[in-house]
Structures are given as structure tokens and as C-alpha cells.
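Chemist: Attaching a predicted model along with its sequence, questions to come.
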Amino acid sequence: MSQSDSDRNRQAVLNAFAKQTGWCEGLGSPFTARLLTVLADDIAAGGITAELVCAWPGDPIADALALRMAGALHALVLTETAPALVACYPPHAATIEQLRSIVPAVVEEHRSHIQTFLSSPPQTNEVGRSGVLVGGFLQIAEETGLPLRLLEIGASAGLNAVWDRYLYQFGAADWGDRQSPVRIAPHWEGLPPPLHAPVQVIERSACDMTPVELEDPAQRLRLRAYVWADQRERLSRLESAIGLARAYGPRVDRGDAADWVRVKLKEPVKASATVLYHSIMWQYLPAQSQADISAALQRAGDRATDAAPLAWLRFEPLHPDSRPELRLTLWPRAWEVCLAVAHPHGNSVTWSGL
Ligand SMILES: C[S@@+](CC[C@H](N)C(=O)[O-])C[C@H]1O[C@@H](n2cnc3c(N)ncnc32)[C@H](O)[C@@H]1O
């Protein structure tokens, strides 16, 4: 590689780290922002981090390279493999100078673990999004009065498939299992969703291109490692949700969402409301898969009746940098509404409902 190619690569990687640092600051992870700044400085200085990431063959932003690096280091902390790093990770409050004096040496010592970790894409499953989706499920139950047949695409580990095992706080009101170890309490603006809707789940199915196998300790570790280290409440909520999903969750089918949806929506199922739902996954689908899913929904929607309605519930940003919206389309009448806008992790929700 020529000098100018290698300078260009390094600059592209530094841009990706700077972008991710800004996102971490904006989404409430100052520690990860500090850590990424230290790593970026090491890259700029041609240190060990540069050796590991500057020859990245793909697009470092699209591949979330900076997040992979933060995940690799957090995994070392969670397994207590690098005591020096544990000592400067939350709950300890290390300064940026302390991080600078420790992180490059840890990267050097654990370079083979880091290389392996970087080689697979990030895998996350944000339980907080159940705190947004639940309003949609309640609204569908209220509107249709029917049991729910739940189909989730891009389900990851399936943690948002057991949403009815969690307890939710909507301002002064609550809904869910009051004994649940998972409590989700977003900052809530607006009226609560219809809390007295009759919720009964008769089917729970899910699919993902690369499902997280919760019975595999290494995959559980990866899921935990991708939670930002200073968001300790999220981490402990994730642990509890993993326990519930292992006990009660569906097996997440491995496969492409478009193929799976075509099969699942082939026949209407009477006396139930079929709900196709997803959160923060639509942007990862190729345009053709998006078009195929939309067409399958349209065909199934045309067949829907009051005894077998179809709902499409999605929590997705309309544009890459906009706040995600919870949108619902309900057939047979085919009306569409934006029920809420919310923080991407579900930390805050502005509910408008119907
Ligand atoms: C950012 S994660 C979101 C996971 C989960 N929905 C959540 O909100 O926590 C995106 C998920 O989409 C999955 N995915 C990407 N492309 C897919 C496809 N073509 N079919 C099915 N799942 C896909 C990924 O494997 C990943 O689990």
C-alpha cells in the first residue's frame, strides 16, 4: 500500500472514531466517548491501535469499527481478563490521562483477542425499546380486541419478544408484571397508552439474519460487551432480560427477514391480530428486501378482515439522523399513524397515541 493510500485509510478510520465519539456523547456515554478519544489519539500517533484498525478492508463507519473496538475492550473488563483496565472502567472514574496511560498497553497485550473480536459485526439487543413497542401492542389489543400473534424480524437475541414479562412505568401509571426483574421506566411525555387493553399472546415468533444464541456464553458476553460500560443500569437490565428470554422466549429463526415474512404472512390466522414488528433494523435491509416485505404486507393487508386483522408496528428512524418513530399501520382499513417519537434506546418517549 502506498503512503498516500495508508494516510487516506488512517483518516477514514479517524473520521469513524470521531463520529462514534459524538454519538456516544449525544446518547449519554461520556466514558465511551473518552475511551474512543484515547484510542483515536493512539491511531493518530501510529500506535498499536493504528496497527489493528488502519488496514480495515471495509467502510469503518458502516462497519461500526469504533464500536467493535469499544466492545472488544469491554469484553476484557467483563471477563476480568485485564485487571489494569478493570481498575479504570466504571464504576471507577478514570481521567482521560489515566486511560491514556493504560489503554494502549492493554491493547498490545490482548491484540489477538481484539483482532478476533473485531472480525465479526456488532450484535446488540436493546431491551429499552420494549418500553416504546409496548404502547403499540397495547394500542393494537385495544383496537382489535383480539389475541396477538407476534412476528418479530431482526429480533437479535429475542429480548423484545418477551416484552409482556417486563414491568413498565409510564409516568404515574404502570403496566406489566410487577414481580419482573426487568423494570423499564422511560421519561414519558403525554398520556399513557391504553393500559386496560386485553393483552393475550397466542403466538410468538422471531427471526434474525444472525441470531444471538443465548445458550452460548460467548455470544451472551458479546451482547453484554456492546452495552456501553458506563450505562450500568442498562447492563443489569440486559442480564435480567437474558434470563427471562432464555426461560420464556421463542427460538429466533435464522434467516433473511423478507423470506421469513413471506412465509409467515401467507395465510391469515382467524380470531387473532397478526402483528409484524421490528425496531432499528430496517436500515440494515437491502432495498429489495424492504420492497419485498412491504409487498408481502400489502398482499396480506388486502386479505385482512375484522376477524383476522394485520398490524405493522415499527420503531425506526424515517431518516438516518432523525429520532425514531413508532408507527402503526392496521388493516383491513389500512390506516397509518405515528404513535410516538422516542430516544433510539427508548430512554424517553413522547406519546401521541391515536
Ligand atoms: C441494531 S440490531 C437491532 C436488534 C433489535 N431489533 C433491537 O431493537 O434491539 C439490527 C438487527 O437486524 C438484524 N438484521 C440485519 N439484516 C437482516 C435481515 N436481512 N434479516 C433479518 N435480520 C436482519 C441484525 O442481525 C441485527 O440483529
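Modeler: Okay, I see it.
Chemist: Kindly report the residues of the protein close to the ligand.
Modeler: Contact residues, the chain versus the ligand (CB under 6 Å from any ligand atom): 124-126, 129, 153-156, 160, 207-210, 256-257, 279-281, 284-285, 289. The way it works is simple: take the backbone N, C-alpha and C, and place the C-beta from them, glycine included.
Chemist: now the helices for the stretch 251-354 of the chain?
Modeler: For the stretch 251-354 of the chain, helices defined by DSSP state H, counting those that start in this stretch occupy the ranges 257-264, 287-303.
Chemist: Of the ones you listed, which is nearest residue 140?
Modeler: Nearest to residue 140, of all those, is helix 287-303, at 14.1 Å by CB to CB.
Chemist: remind me which residues of the protein are low pLDDT?
Modeler: 1 (pLDDT under 70).
Chemist: domains of it?
Modeler: The chain resolves into domains spanning 3-118, 127-351 when parsed by automatic domain parsing.
Chemist: What's the end-to-end length of the longest one?
Modeler: The reference is to domain 127-351. Using CA to CA, to the nearest Å, one end of domain 127-351 lies 18 Å from the other.
Chemist: rewinding a little: could you dump the helices of the stretch 251-354 of the chain into JSON lines with mean neighbour count added?
Modeler: As requested, the helices of the stretch 251-354 of the chain are exported to JSON lines (neighbours: other CB atoms under 10 Å):
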{"stretch": "helix 257-264", "mean neighbour count": "19"}
{"stretch": "helix 287-303", "mean neighbour count": "15"}
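Chemist: so can I have a markdown table of these showing distance to residue 230?
Modeler: Shown next, in a markdown table, are the helices of the stretch 251-354 of the chain (distance: least, CB to CB, whole Å):
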| stretch | distance to residue 230 |
| --- | --- |
| helix 257-264 | 32 |
| helix 287-303 | 35 |
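Chemist: Of the ones you listed, give the one that comes closest to residue 193.
Modeler: The nearest among those, by CB to CB, is helix 287-303 at 22.8 Å.
Chemist: Direction-wise, compare the closest one with helix 257-264 and give the angle.
Modeler: Relative orientation of helix 287-303 and helix 257-264, computed by axes from the mean of the first three to the mean of the last three CA atoms, to 10 degrees: 20 degrees.
Chemist: contacting residues around helix 287-303?
Modeler: Helix 287-303 has contacts (CB atoms under 8 Å, 6 or more residues apart in numbering) with 153, 256-258, 261-262, 265, 268, 274, 276, 282, 285, 310, 312, 329, 331-332, 334.
Chemist: and if you look at stretch 11-23?
Modeler: For stretch 11-23, the external contacting residues (CB under 8 Å, 6+ apart) are 33, 36-37, 39-40, 43-44, 53-54, 56, 59-61, 64-67, 70.
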